[in-house]
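>>> take this sequence and fold it.
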Amino acid sequence: MSATRAPRLPRVSATRLIVLGAVRTFQPVHGYFVRRELLSWGVETWAHVHPGSIYNALRSLDHAGEIDVVDTENEGARPARTRYRLTTDGEKAFFTLLRDALWTVQMDPSALFAGLMFASALRREEVIDAMTARCDKLRAASVEIKHASQDAAEARTAPAHTQELWNIGAARLGGELRWCRAYAGRLRAGHYRFYPEPGWNAPPGPEGRWDAQLWQPIDR
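Below is the predicted model:
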């Protein structure tokens, strides 16, 4: 093993999943609504999605044939707004990206955050399987980074203080592993709702609050 090689963790982009997921959730929907909704989720902070890139993503998805134009809305003096829905290819892309986000371990957590936003579109058992596999990968990455850190310290080919880069990497992997185990336990205990369980896609009430029963575990 190279003295300075870090674990090679693949990268999954969050932006495409987030925009596909938003269109899928609210379809048919226009770009302004998607942008407003995603900004209310704080995606510019936790997913590094620039507000202007949301429109670019919609154009790219349209060009790729993953969303399709439904119609054009006209409200008073406002500019016309094009409404979109997912195509069959868009539906396939959404689930591929969603599964990649949940199964793939990477240092940048934005794809995982996006995956958790839309995980309820999958069946509970699949999400449990994804988290079980994710825990295994996190354990393996933690062991690899431990040995790579030891090699780097013995080689002394970098300044001593850079050892903290290994230490913070190990701490982040360890923290995610503890969360992953706890989340899988909550899923097994019936927390949250997943397709096609009752209430899995229930909208909020008139005051923007979800039914309190949805916060309670279901009998499994």
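
>>> could you report the pLDDT at Ala14?
Ala14 is assigned a predicted lDDT (pLDDT) of 92.

>>> again with the one 5 residues further on
The confidence metric pLDDT takes the value 97 at Val19.

>>> what's around it, how many residues?
Neighbour count of Val19, defined by other CB atoms under 10 Å: 29. C-betas here are computed from N, CA, C, even on glycine.

>>> same thing with Thr104?
By other CB under 10 Å, 18 other residues sit near Thr104.

>>> could you do the one 3 residues further on as well?
When counting by other CB under 10 Å, one arrives at 14 neighbours for Met107.

>>> if I look at it, how far off is Asp151?
Met107 sits at a distance of 19 Å from Asp151 (criterion: CB to CB, to the nearest Å).

>>> so where's this protein shaky on pLDDT?
The chain contains residues with pLDDT under 70 at 1-12.

>>> which residues in it form helices?
Assigned by DSSP state H, the helices in the chain fall at 15-26, 31-40, 43-46, 51-63, 88-103, 110-118, 124-155, 163-188.

>>> for the third one, list every residue counted as buried.
Translated: helix 43-46. For helix 43-46, a neighbour-count test (16 or more other CB atoms under 10 Å) marks Val43 as buried.

>>> count of neighbours near Trp215?
When neighbours are counted by other CB under 10 Å, Trp215 registers 10.

>>> show me what contacts it?
With contacts defined as CB atoms under 8 Å, 6 or more residues apart in numbering, Trp215 has no neighbours.

>>> so how far is Gly175 from it?
In this view, Trp215 and Gly175 are 25 Å apart by CB to CB.

>>> also Gly90?
Remark: distance between Gly90 and Gly175 (CB to CB) = 34 Å.

>>> looking at those two, which is more packed in?
With neighbours defined as other CB under 10 Å, Gly90 and Gly175 compare such that Gly90 has more, 22 against 11.

>>> give the full set of residues in contact with the more buried one.
Under the criterion of CB under 8 Å, 6+ apart, the neighbours of Gly90 are 20, 23-24, 61, 65-68.

>>> farthest-separated two in those?
Based on CB to CB, the longest span within the contacts of Gly90 runs between Arg24 and Gly65 and measures 15.1 Å.

>>> which of those two has more residues huddled nearby?
Arg24 (19 against 12).

>>> out of everything not next to it in sequence, what's closest to that one?
Leu86 (5.1 Å; CB to CB, 6 or more residues apart in numbering).

>>> how far away is the nearest residue to Leu97 once chain neighbours are set aside from Ser120?
Of all residues not flanking Leu97 in the chain, Leu17 sits nearest, at 4.0 Å (CB to CB, 6+ apart). The gap separating Leu17 from Ser120 is 14 Å, by CB to CB.

>>> so for these two, which sits in the more crowded spot?
A direct count of neighbours by other CB under 10 Å for Leu17 and Ser120 places Leu17 higher, at 25 against 17.

>>> could you find the closest non-adjacent residue to the residue nearest the centre of the chain?
Centroid-nearest residue in the chain: Ala114, 2.0 Å away (criterion: CA atoms, centre = their mean). Nearest non-adjacent residue to Ala114, counting by CB to CB, 6+ apart: Ala14, 4.2 Å away.

>>> with that, I have no additional questions.
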